[in-house]
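Undergrad: Need coordinates for the following:
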Amino acid sequence: MNRPAALDRLAIGLDGTLLLPGTPGHDAARRPAIRDLVEKVPRAVLRCASRRDVVRAVAFAREHGVPFAIRGGGHSFADRSSTDGLLVDLGGLDAVEVSGDTVTVGPGTRIGDLAVSLATTGRLVPTGWCPTVGVVGAALGGGFGPFSRRYGLTCDHVVAADVVLADGRTVRADADGHPDLFWALRGAGGGQFGVVTSLVLRTRPAPAATMFALTWTFEHAATLVENWQRWAPVADDTVNAELVVAAGGLPALAPLTVLFGVVLGGPGRAEAVLRPFEDRIGAAPLRRTVTALTGREATVHDWYAGMPYAGPPPLAPGQRPGRRVVRSEFFDAPLPRTAIDRLLERFAADRVAGQYRELEFVPWRGAYRRVPAGATAFPHREALFLLEHNADVGPDADDPARRAVHDWVTGSWTTVRPWGSGGVYPNYPDPDLVGWATAYHGGNLGRIAEVKARYDPTDLFRSAQSVRPAGGPPPVETPREATWPR
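TA: Prediction:
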């Protein structure tokens, strides 16, 4: 492959590094945390070390019309952070700066890094469970986790954002400057209006908390789901209780159902919250863990944070990546028992060796609904719960096993679709979703399109499911194989 002279010019004066295929580090740098069925091999990876590098990357993509993707944490379920063109890697921009009751993070800062940095302050930002997910990416599309029913979404804690726009300008969006962009950045999803190079977040006091995990056999799953949906979403906002039905890669082993989460307060309060629910199930759990988290543990979320992030495991020569598929939907009312039975019947049927599958029920309400649907770009404020269907296989899976991942997730999701609200969590993008714009953005879609027209009128920052500028031309599809400048 000939090396375009334009890439040589781009490499001059960078604070970071430009990696081309065949050069050391390119193969590791191109791999996202979540892999699609087919891996993309970027023509170049720009590992940014400064905002100036980001400005140059955007200018290069704009001037030469090459396909590009922005990567922070690399956790896009729709593979939006991969490309065959120019991959702009923000992972090295991971600084964390604490100042009073706010914290400033870079686009490469991960949830675990943020939690560790806040550990000595006795404060936290409500974020997700997974330590390797990027904070900025999570915030741009919502962001929820163990303390969110008490404090709200991650996007509700955004105070300001520094953004590199399509025309090369860098602006600060907050309540006073560029308030329309500030509104859109809080919940519309990343990669639509520009590149966020830093985010200022408001922190909250880290309360004493108790973590719990209760495990039952699969035979109690229907009773657990039926009772959970009438309890967890309407419980006090100091209670975050998620329910997971999980099956491992050995079909001979029965699935399990796990109730896990956090209660603010000590173990005594947690017991008072959990015991009535357990009594309604009518069967004792196989395993039961209730653990007090105090001080640093409550801030760091000790059950996950502080783990080193080494990126996706390397593949052997010629080995293909595994595959993971996720689909989600919000529900505004409890599922009828007939729907629960169908869902679980499909969950247990036709299991495939090596395939992990999971249903995760996430309680909503609480602090989520204390913010009006139009106050930020995130519209899903009144839901009762979010249901995620996900499955994955490892790199040794054959083609039928890979197809089975998609088939099971789609079948499971379709089974309960008639009872769903139609709303889909923006941070779980679904390439198969029909009517995706309304599903992600609800009644805020029109305003998001207006903001897009104001800040990215030429639709430079686009993907298959990004909002188009209001009043703009029809969508322009960037070719998979671009003609690179010489």
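
Undergrad: And the helices in this structure?
TA: Remark: helices assigned in the chain by DSSP state H are 5-11, 26-30, 51-64, 111-118, 135-140, 148-151, 179-185, 221-228, 267-281, 296-300, 337-348, 399-415, 436-441, 445-455.

Undergrad: Of those helices, which stretch is the most buried?
TA: For these, the largest average neighbour count (mean count of other C-beta atoms under 10 Å) is found in helix 135-140, namely a mean of 28. From N, CA and C alone the C-beta is placed, and that goes for glycine too.

Undergrad: Name the residues that touch it?
TA: Contact with helix 135-140 is made by 72-73, 75-76, 105-107, 109-111, 113-114, 125, 127-128, 143, 154-155, 157-158, 185-190, 196, 199, 201, 427, as judged by C-beta atoms under 8 Å, 6 or more residues apart in numbering.

Undergrad: Of those, which belong to strands?
TA: Judged by DSSP state E, the subset of those located in strands is V105, V158, V196, L199, L201.

Undergrad: Give me the neighbour count for the first one.
TA: The number of residues packed near V105 is 27, by other C-beta atoms under 10 Å.

Undergrad: can you pull the pLDDT of A115?
TA: pLDDT, A115: 89.

Undergrad: wait, isn't it in contact with W129?
TA: No. Between A115 and W129 there is no contact under C-beta atoms under 8 Å: 10.8 Å.

Undergrad: Figure out which of the helices of the chain is closest to R43.
TA: Nearest of those to R43, taken as C-beta to C-beta: helix 5-11 at 7.8 Å.

Undergrad: which helices and strands does the closest one pack with?
TA: strand 17-19, strand 44-47, helix 51-64 (3 or more C-beta pairs under 8 Å, 6 or more residues apart in numbering; DSSP states H and E).

Undergrad: Compile these into CSV and extend it with columns for mean pLDDT and distance to S328.
TA: Compiled in CSV, the helices and strands packed on helix 5-11 are given as follows (pLDDT from 0 to 100; distance: least, C-beta to C-beta, whole Å):
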stretch, mean pLDDT, distance to S328
strand 17-19, 85, 34
strand 44-47, 90, 30
helix 51-64, 94, 30
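
Undergrad: The ones you listed: which one's closest to G394?
TA: So among the helices and strands packed on helix 5-11, strand 44-47 is nearest, using C-beta to C-beta, at 24.9 Å.

Undergrad: list the helices and strands that closest one packs on?
TA: By 3+ C-beta pairs under 8 Å, 6+ apart, strand 44-47 packs against helix 5-11, strand 17-19, helix 26-30, strand 86-89.

Undergrad: in its sheet, what does that strand sit against?
TA: Using DSSP bridges, strand 44-47 pairs in its sheet with strand 17-19 (antiparallel), strand 86-89 (parallel).

Undergrad: okay but R56 is in contact with L10, surely?
TA: Yes. Using C-beta under 8 Å, R56 makes contact with L10 at a distance of 6.7 Å.

Undergrad: pLDDT-wise, which helix or strand of this structure ranks last?
TA: Least confident helix or strand, the chain: helix 296-300 with a mean of 56, by mean pLDDT, DSSP states H and E.

Undergrad: partner residues bridging A160?
TA: D174, V200.

Undergrad: distance of it from V103?
TA: Distance, A160 to V103, using C-beta to C-beta, to the nearest Å: 12 Å.

Undergrad: Compare these two (neighbour count), which wins?
TA: Legend: neighbour count by other C-beta under 10 Å for A160 and V103, higher for V103 (25 against 20).

Undergrad: so what's that one bridging to?
TA: V98, L201.

Undergrad: Could you point out which residue ranges in the stretch 201-350 of the chain have low pLDDT?
TA: Confidence mapping of the stretch 201-350 of the chain against pLDDT under 70 gives the ranges 294-320.

Undergrad: what about the strands in it?
TA: In the stretch 201-350 of the chain, the strands defined using DSSP state E, counting those that start in this stretch lie at 204-205, 209-217, 239-247, 256-264, 287-293, 323-331.

Undergrad: Next, format these as CSV and append distance to T121.
TA: Output for those, formatted as CSV (distance: least, C-beta to C-beta, whole Å):
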stretch, distance to T121
strand 204-205, 10
strand 209-217, 16
strand 239-247, 22
strand 256-264, 18
strand 287-293, 16
strand 323-331, 33
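
Undergrad: so what pLDDT did A397 get?
TA: pLDDT, A397: 82.

Undergrad: how about the nearest residue to it, chain neighbours excluded?
TA: Closest residue in space to A397, ignoring its immediate chain neighbours: G354 at 5.6 Å, by C-beta to C-beta, 6 or more residues apart in numbering.

Undergrad: Now do the contacts for P205.
TA: Neighbouring residues of P205 by C-beta under 8 Å, 6+ apart: G122, R123, L124.

Undergrad: and it, what are its bridge partners?
TA: With DSSP bridges as the rule, P205 is bridged to R123.

Undergrad: Break this structure down into its domains, please.
TA: If you go by automatic domain parsing, the domain ranges for the chain are 14-89, 209-293+320-433.
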